[in-house]
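[1] I would like the atomic coordinates for the input below:
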Amino acid sequence: MWTACTTRHERVLRRAAGSAGIFPNPGPQPLPPAELAGLVARVRPPDRPYEVAVSGNASPAWEEPVEVDLAALAEAGMTWWMESLIHFDPLDLSLAVVDAGPPRLGG
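    Got it, this is the predicted structure:
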């Protein structure tokens, strides 16, 4: 089980440490790499695999791609990037994002 959270409340972080991973969901932008690294350091158990999912917009298909440093997020502990598609995005744009494939760590 994963824990998704929008808070830094101690009980949430303890629950996240006992789960298989965390999906920090701070809002429309992913956590900055330094903040993600601090969060991961607090919750990642030292004795087993632990997943860290981050979402946002990094695909080159977006009309105005958000600058996301995927390599820095990976270094901070991110193990999964989830490109954010929302139900009200135009279908053509959603298909273009999917067709573009996953964004690359190098940009």
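[2] now do the biggest strand by length in the chain: distance to the chain's middle.
    Secondary structure of the chain per DSSP state E: the longest strand is strand 51-56. Here strand 51-56 is found 2 Å from its chain centre; the criterion is CA atoms, centre = their mean, to the nearest Å.
[3] same for the following helix or strand past that strand, what does it pack against?
    Moving toward the C-terminus from strand 51-56, the next helix or strand (DSSP states H and E) is helix 70-76. Packing partners of helix 70-76 (3 or more CB pairs under 8 Å, 6 or more residues apart in numbering; DSSP states H and E): helix 33-43. Bear in mind the C-beta positions are built from the backbone N, C-alpha and C, glycine included.
[4] now do the helix it packs on: distance to the chain's middle.
    On CA atoms, centre = their mean, the centre of helix 33-43 falls 12 Å from the chain's centre.
[5] what pLDDT, on average, does that helix get?
    Helix 33-43 comes out with an average pLDDT of 93.
[6] packing partners of that helix?
    When contacts are defined as 3+ CB pairs under 8 Å, 6+ apart, helix 33-43 sits against helix 10-17, strand 21-24, strand 51-56, helix 70-76.
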